[in-house]
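>>> give me coordinates for this.
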Amino acid sequence: MINLQVIPYVLSKFIVLAFICLVQCAILLGMVSFGVDFPYNGRVEFYVDIYCGLYLTALTGLSMGLLISSIVSTVDKATSIVPILLIPQLIFSGAIIPFKNMDKVSKFISNFAVSRWSVGLLGALVNLNDILPPHMRDVLEETFDISIRRHFNILGFLFAGFLILTCFFQKRKDIIQKI
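Model (predicted):
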């Protein structure tokens, strides 16, 4: 950490990567909006909401990545942990295995999956429950029927929690390296 305190060190990494996320989300939304006929096409608020959801998801993923980086001692270890964390993100998102079909333990674990709240948020923003065919709506209804504000709040909570834990583990790593 070359003579920096923990918070400035983490912020220096975060700010640069957050800017990259900002650009990536704009590119993603721009490209998808050309190929997908959104239900609210043309409404600026709709695109702002989707963009904010994408950006908050990206920032939460970024903070999770910084947390991994702060816990492990080498880049190789961090790289090997990423797939171990990404696979549960897919499984517990509610898109592959609907919440309706999850047992109590899986539902509990899914509460800590960024993907659950991101998929639910984006699905709720585009009103996916109204677009889906009835047979799919019955299965996936639980995924997209929670309020949009709640999705944003939970993603924000996970984002802040990961950053706080990042600072804690980075400080711990710094203390250990000085010994």
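>>> alpha carbons only for contacts and neighbour counts from here, please
Fine.
>>> got a pLDDT number for residue 143?
pLDDT recorded at residue 143 is 65.
>>> check residue 103 too.
Residue 103 carries a pLDDT score of 91 in this model.
>>> how many neighbouring residues does it have?
Other residues near residue 103 come to 9 when the count uses other Cα atoms under 10 Å.
>>> cool, the one 5 residues further on as well?
Here the number of neighbours of residue 108 (other Cα under 10 Å) works out to 12.
>>> again with the one 10 residues further on
Other residues near residue 118 come to 22 when the count uses other Cα under 10 Å.
>>> roughly how far does it sit from residue 169?
As judged by Cα to Cα, to the nearest Å, residue 118 and residue 169 stand 26 Å apart.
>>> nearest spatial neighbour of the residue nearest the centre of the chain, skipping sequence neighbours?
In the chain, the centroid-proximal residue (Cα atoms, centre = their mean) is residue 57; its distance is 3.5 Å. Excluding the flanking residues, the one nearest residue 57 by Cα to Cα, 6 or more residues apart in numbering is residue 118, at 6.1 Å.
>>> which strand or helix spans the one you found?
Secondary structure assigned from DSSP states H and E places residue 118 in helix 114-125.
>>> just checking, the residue nearest to the centre of the chain touches residue 114?
Yes: between residue 57 and residue 114 a contact is recorded at 7.3 Å, counting by Cα atoms under 8 Å.
>>> so who does the residue nearest to residue 57 touch?
53, 54, 57, 151, 155 (Cα atoms under 8 Å, 6 or more residues apart in numbering).
>>> show me those residues that map onto helices.
The helices, defined by DSSP state H, take in 53, 54, 57, 151, 155 from the contacts of residue 118.
>>> report pLDDT for residue 3.
According to the per-residue confidence, residue 3 scores 69 in pLDDT.
>>> wait, doesn't residue 50 sit right on residue 127?
No: counting by Cα under 8 Å, residue 127 is not a contact partner of residue 50; they are 11.7 Å apart.
>>> residue 84: neighbour count?
10.
>>> repeat that for the one 10 residues further on.
Applying other Cα under 10 Å, we find 26 other residues in the vicinity of residue 94.
>>> before we move on, what about residue 31?
By other Cα under 10 Å, 11 other residues sit near residue 31.
>>> and it, what helix or strand is that in?
Using DSSP H and E, residue 31 sits in helix 6-35.
>>> gap between that helix and the chain center?
Centre-to-centre, helix 6-35 and its host chain are 12 Å apart (Cα atoms, centre = their mean, to the nearest Å).
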